[in-house]
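Q: just to be clear, the model below is a prediction. Sequence and coordinates:
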Amino acid sequence: MNPATNHKPAWTFTTPSFKDPRCMLAVGLTLWTVLGQTAYFFNRNLFQLEVAVASACALDFLITAIWKRELAVPLSAYITALSIGLLVESYDWRVYVVVPVWGILSKYLLRDRTRHFFNPSNFGIVMVLLFGHGIASVSPGSQWGADYRVAFAILCLGMMMMWRLKLLELAVAWIGGFVVMSLLRMALGQGGLVFALGPLTGAEFALFTFSMMPDPKTCPPTRRGRIVWALSIAFTDGVLRFLEIRYSMFYALFAHCAVLPVVRALAARAGVQEKEVWRIIKLPFGSRPPAAIKPSSPP
């Protein structure tokens, strides 16, 4: 056997670079969590958030180490866990273990030929809403400090972040579509202006818009595709709201992610190649060079 082929591949330490778009999102979610614990008094205790973050990060770290031989900083898992920790409301601490675990496992078990297609935090939330038998719900936006001034500031900061991520068209199409569908529901007799547009001031809407929807790996790869995608989600959400189905945003995104492999296949057939959006640094370590082959001694 050739010794050159009889050695294990090197381990790799992987960390996001400062240019990675996830860094900005992680900072924003962390700031929002700190404000929620100190100024807005979110109905979430630190233990629940810590359990969610520890469960998601530990599982993602272990899977990556075993599967890819990488010791990776679990930044994506951290973002998933904070989103779930802030959005899911339950008095059973085990929910904050199970829901992040469902979200992380969806990245590795539900994949098409190229990558995962469900947004991890959205997947975990929808699973607990469907199969949790009422043990958990989504936090109502009103209890998060539904002040229009705060909402306007968050909207502006969120739009700046989307611009930096080069996904501004996604947010604009989604918010525009939401407003149009809300006004249409109002015209059809379903509540007044405050009822129709009130969700815009809640943290639930902000987290969905600026944390869950813009995941570059679970939305179409082209600008036109993202605009159609966002408008379609807004339309579906509006129909579900008109039918008085709770948590309509999350169900709308889940249904669209379920057909994302078809969207990717059509894009690939049209010659569109998805680009790697994460900016990471890989540092190999722990490898041993293959043993040299000694020349045979002369007869």
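A: Perfect, thanks for sending it. Numbering: from 1, shown residues only.
Q: Thr114 reaches Ala267, doesn't it?
A: No. Applying CB atoms under 8 Å, one finds Thr114 not in contact with Ala267, separated by 10.8 Å. Bear in mind the C-beta positions are built from the backbone N, C-alpha and C, glycine included.
Q: comparing these two, which shows the higher neighbour count?
A: Taking other CB atoms under 10 Å, Thr114 and Ala267 do not tie; Ala267 has more neighbours (16 against 12).
Q: would you check that Leu260 makes contact with Thr218?
A: Yes. Using CB under 8 Å, Leu260 is in contact with Thr218, at 6.5 Å.
Q: between these two, what contacts are shared?
A: Shared contacts of Leu260 and Thr218, defined by CB atoms under 8 Å, 6 or more residues apart in numbering, comprise Phe117.
Q: who's in contact with the residue lying closest to Trp229 once chain neighbours are set aside?
A: Of all residues not flanking Trp229 in the chain, Pro220 sits nearest, at 5.1 Å (CB to CB, 6 or more residues apart in numbering). With contact taken as CB under 8 Å, 6+ apart, Pro220 is in contact with 226, 228-229, 260, 263-264, 267.
Q: try Met249
A: 204-205, 208, 233, 237.
Q: which stretch of helix or strand covers it?
A: Using DSSP states H and E, Met249 falls within helix 248-258.
Q: strands of the stretch 101-250 of the chain, start to end?
A: Ranges of strands within the stretch 101-250 of the chain are 137-138, based on DSSP state E, counting those that start in this stretch.
Q: give the contact list for the closest residue to Leu197 other than its chain neighbours.
A: Nearest non-adjacent residue to Leu197, counting by CB to CB, 6+ apart: Ser182, 5.4 Å away. Counting by CB under 8 Å, 6+ apart, Ser182 touches 196-197, 238, 241.
Q: and those residues, which of them are buried?
A: Using 16 or more other CB atoms under 10 Å as the burial test, the contacts of Ser182 include 196, 238, 241 as buried.
Q: and of these, the nearest to Asp92?
A: Nearest to Asp92 among the buried ones among the contacts of Ser182 is Arg241, at 28.1 Å by CB to CB.
Q: surely that closest one is in contact with Met186?
A: No. Counting by CB under 8 Å, Arg241 stays clear of Met186, with 11.0 Å between them.
Q: element containing Glu12?
A: To be clear, residue 12 is Thr; Glu isn't right here. Following DSSP H and E, one finds Thr12 within strand 11-16.
Q: partners of that strand, with directions?
A: Using DSSP bridges, strand 11-16 pairs in its sheet with strand 70-72 (parallel), strand 280-285 (antiparallel).
Q: could I get these as TSV with mean pLDDT and mean neighbour count?
A: Shown next, in TSV, are these (pLDDT from 0 to 100; neighbours: other CB atoms under 10 Å):
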stretch	mean pLDDT	mean neighbour count
strand 70-72	87	18
strand 280-285	74	12
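Q: and Leu87, which of those strands is closest to it?
A: Leu87 sits nearest to strand 70-72 of all those, at 24.8 Å, using CB to CB.
Q: quick one: name whatever helix or strand follows the closest one.
A: Next element after strand 70-72 (DSSP H and E): helix 75-87.
Q: what is the orientation angle of that following helix with helix 248-258?
A: Following axes from the mean of the first three to the mean of the last three CA atoms, to 10 degrees, one obtains 150 degrees for the angle between helix 75-87 and helix 248-258.
Q: using PDB, list the CA coordinates for helix 75-87.
A: Presented in PDB, the C-alpha positions along helix 75-87 are these (Å, rounded to 0.1, in the frame of the first residue of the first chain):
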ATOM      1  CA  LEU A  75     -21.700  31.200  14.600                       C
ATOM      2  CA  SER A  76     -24.700  30.000  12.500                       C
ATOM      3  CA  ALA A  77     -25.800  27.900  15.500                       C
ATOM      4  CA  TYR A  78     -25.500  30.900  17.800                       C
ATOM      5  CA  ILE A  79     -27.700  33.000  15.500                       C
ATOM      6  CA  THR A  80     -30.300  30.100  15.200                       C
ATOM      7  CA  ALA A  81     -30.400  29.700  19.000                       C
ATOM      8  CA  LEU A  82     -30.800  33.400  19.800                       C
ATOM      9  CA  SER A  83     -33.600  33.700  17.200                       C
ATOM     10  CA  ILE A  84     -35.400  30.700  18.700                       C
ATOM     11  CA  GLY A  85     -34.700  31.900  22.300                       C
ATOM     12  CA  LEU A  86     -36.200  35.300  21.600                       C
ATOM     13  CA  LEU A  87     -39.200  34.100  19.600                       C
END
